[in-house]
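Participant: here's my sequence, what's the structure:
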Amino acid sequence: MSLWNLVRPDSLAGRTMLVLVGGLTLLDAGSMLIHDRALHRAELLAFETRLADRILAASAVSAGQPEAERDTVVREWSLPGLELRWRATPPSAPVAAPHRFPELFEQLGESGPVVRAMVGAAASGAVAAPGGGWIHFAAQPPPYAGFPVKPGHWLPVSAMALGILLVAFPILGWMTQPLRRLAEAADRLGRDPRPAKLPTTGPVEVRHAAQAFNAMQARIARLIEDRTEALAALSHDFRTPLARLRLRAGFLPPGQERAEIEAEVAEMEAMVAGALAYFREGRDAEPSVDTDLAAILQTLASEASDGGHDVAYLGPARCVIPLRRVAAKRAIRNLVTNALQHGAPPVRITLRREGRQAVIDVTDRGPGIPANRREQALAPFVRLDPSRGGSGVGLGLTTALRFATAEGGDLELREAELGGLGVRIALPAG
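Facilitator: Below you'll find the model as predicted:
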């Protein structure tokens, strides 16, 4: 299994990896955000401490100066972002905001009365000077730049996510292998006459699912086997009364009545023989081997052509694919026979490769089958008398469909380029 099929977003393994990597990314981003906010808080506390030291130092220096020069002396202690003034009175509109800049006002409060005057985001207020008056201050704290998104921050996360993917890839592949086997077995169900049992390995839920699937598979196989045996026995039992009927018809004088009875008996015998072959094919376990499909089609075309029919093969001289040789020959022969009996010449058998498929087309120039009746034509023992003639058993298309499905392919009825019926079989080419 390829890496993409394992980690694709709609797969169980892919979604598990998405949860792991996404959760790790969110956790790391959250921790980085918390660390960044804590770092900013530490910077803010350091800023408040430096601010308090600067204000207290300016207050102490102003105490020994004449009152007229105190404002000039205090101004010299100003810094970019910090404005200091000396005033004889405190701020006129004090505002109590103890939750803003607590470290600053706590340190200033240790030296004397403090008046808070918060203006926006600035730390502003006044502290009583020891020599009289008030030291007014207004400082802008360092702004919070927000969560920094830098490539270097994501390098550890990317490395960790890659490590998780490398470790989780084989583990998830091993864990989901029973589910893939279950899906493959479900796909084979109905195509393989003797499906193999699923191994009951993996987690307990998967083991229970495999056990239930094996039990269901066994019940279906047993039901099909019972029905097939009953129908095959019934078809076989028809041979005895048909033989007696043919024998009695032989005692009739030659004429139209005798000919009609013998024709009816022959048709019923053909139906019984076809039914027996159909049921027997469902029970046969022919192995699939590498087979030259082109050689089979060439042989069938030559046989029909030697019989005086306008049948030709168009395609490559060689096309080797794995399939059941006898079943393939029987199915394609039925299609050619149908085209000769119910269609009109010319009959063409074409073969071509399309990607990983081998595509077979059997076409004729007959009346074809209406689009609204094509699905019905694929059912067993169905004969579309108005459009395809009244002879035959009604198993030719059904046998071909069963063969295509058992090989993992498909059969489609379509309108041929010449106006008749086109039967297309697409088989996996390995």
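Participant: okay, now the unreliable bits of the stretch 201-350 of the chain?
Facilitator: In the predicted model, the stretch 201-350 of the chain carries pLDDT under 70 at residues 228, 231-232, 235-236, 274-285.
Participant: what are the ranges of the strands in it?
Facilitator: With strands called from DSSP state E, counting those that start in this stretch, the stretch 201-350 of the chain shows them at 289-292, 311-314, 320-323, 347-354.
Participant: in CSV, list these along with distance to Ala126.
Facilitator: Glycine gets a C-beta too; all of them are placed from N, C-alpha and C. Listed next are the strands of the stretch 201-350 of the chain as CSV, based on distance: least, CB to CB, whole Å:
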stretch, distance to Ala126
strand 289-292, 98
strand 311-314, 103
strand 320-323, 95
strand 347-354, 89
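Participant: Val127 is nearest to which of those strands?
Facilitator: Among these, the nearest to Val127 by CB to CB is strand 347-354 (89.3 Å).
Participant: and the closest one, which strands flank it?
Facilitator: strand 311-314 (parallel), strand 357-363 (antiparallel) (DSSP bridges).
Participant: who wins for proximity to Glu67 among the strands of the stretch 201-350 of the chain?
Facilitator: strand 347-354 (102.5 Å).
Participant: possible to save the strands of the stretch 201-350 of the chain as TSV with distance to Arg244 and mean neighbour count?
Facilitator: Putting the strands of the stretch 201-350 of the chain into TSV (distance: least, CB to CB, whole Å; neighbours: other CB atoms under 10 Å) gives the following:
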stretch	distance to Arg244	mean neighbour count
strand 289-292	43	13
strand 311-314	39	18
strand 320-323	41	18
strand 347-354	39	18
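Participant: Arg227 is nearest to which of these?
Facilitator: Short answer: strand 320-323, nearest of the strands of the stretch 201-350 of the chain by CB to CB, at 26.4 Å.
Participant: sheet partners, orientation included, of that closest one?
Facilitator: strand 289-292 (antiparallel).
Participant: any residues touching the strand it pairs with, and which ones?
Facilitator: Arg318, Cys319, Val320, Ile321, Pro322, Leu323, Arg324, Arg325, Ala328 (CB atoms under 8 Å, 6 or more residues apart in numbering).
Participant: what is the most widely separated pair among those residues?
Facilitator: Across the contacts of strand 289-292 (CB to CB), the longest gap, 18.8 Å, separates Arg318 and Arg324.
Participant: give me the more crowded residue out of these two.
Facilitator: Arg324 (20 against 10; other CB atoms under 10 Å).
Participant: ok, back up a step: and of the strands of the stretch 201-350 of the chain, who's closest to Trp77?
Facilitator: strand 347-354 (87.6 Å).
Participant: show me this structure divided up by domain.
Facilitator: 1-148, 287-428 (automatic domain parsing).
Participant: tell me how far the ends of the shortest one are from each other?
Facilitator: Looking at domain 287-428, the gap from its leading to its trailing residue is 16 Å under the measure CA to CA, to the nearest Å.
Participant: before we move on, what about stretch 246-264?
Facilitator: 10 Å.
Participant: ok, now stretch 305-325?
Facilitator: Note: stretch 305-325 ends 21 Å apart using CA to CA.
Participant: what's the separation between the residue of the chain most remote from its centre and Glu76?
Facilitator: In the chain, the greatest distance from the average C-alpha position (CA atoms, centre = their mean) is reached by Pro66, at 85.4 Å. Noted for Pro66: a distance of 15 Å to Glu76, by CB to CB, to the nearest Å.
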